[in-house]
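> Build me a model:
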Amino acid sequence: MIRKTEAAGEIVATLALWGIVVLIFFQVFFRYVLQTGLSWPDELARYFHIVVVFLTLGAVSRRQQHIRIDFFRRKVPSGALTRLSLLIETGAALILAAGAIEIVRRLGTFRTPAMNMPLALFFLPAAVGFGLMALDSGRRFLAPPDAGEREPADAGLPNRDSR
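Numbering: from 1, shown residues only. Next up, the predicted model:
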């Protein structure tokens, strides 16, 4: 179920990315060819950018390709590293999801100037993305240690044993 949701998020993000390209081309065409500036394509392109970033969080988390800070990683014994990393990742994602939900709740009545879109829509993808990340990290944390769970990818960092 989580993977299907992540796949749907990736499809929506891909469509949003193409939407950004079309909107920016549309805006440039109107501004420089027709000599008429439009404000709404820029606003909609920004929203699509937010959608691209946050709706891919679950898939990036599952692939372990997100940005991480490795200071503590060098200090923790490798046996506990995977579990501790997943616990911290799950906790951080839950906190960020809760914060995004609170922002969505508080911005309920505010609207954007150009398109009159609910401003909460700009933060809804963050709540969904962080929620998917928390679900994936929590699932991997709760899985038995021998369930094929691997240590997070080093992302090009030097081998921790060579230090």
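
> Now the host helix or strand of Glu89: buried residues?
Using DSSP states H and E, Glu89 falls within helix 78-106. Residues of helix 78-106 classed as buried by neighbour count (16 or more other C-beta atoms under 10 Å): 81-82, 85-86, 89-90, 93-94, 96-97, 100-101, 103-104. Every residue, glycine included, has its C-beta placed from N, CA and C.

> Can you name every helix or strand that the helix or strand bottoming out on mean pLDDT in the chain contacts?
When the helices and strands of the chain are scored by mean pLDDT, DSSP states H and E, helix 57-62 comes last with a mean of 76. If you count contacts as 3 or more C-beta pairs under 8 Å, 6 or more residues apart in numbering; DSSP states H and E, helix 57-62 packs onto helix 2-28, helix 124-142.

> relative orientation of the helix holding Glu89 and helix 124-142 in degrees?
Using axes from the mean of the first three to the mean of the last three C-alpha atoms, to 10 degrees, the inter-axis angle of helix 78-106 relative to helix 124-142 is 150 degrees.

> returning to what we had before: list of residues touching the least confident helix or strand of the chain?
2-3, 5-7, 9-10, 66, 89, 93, 129-130, 132-133, 135-137 (C-beta atoms under 8 Å, 6 or more residues apart in numbering).
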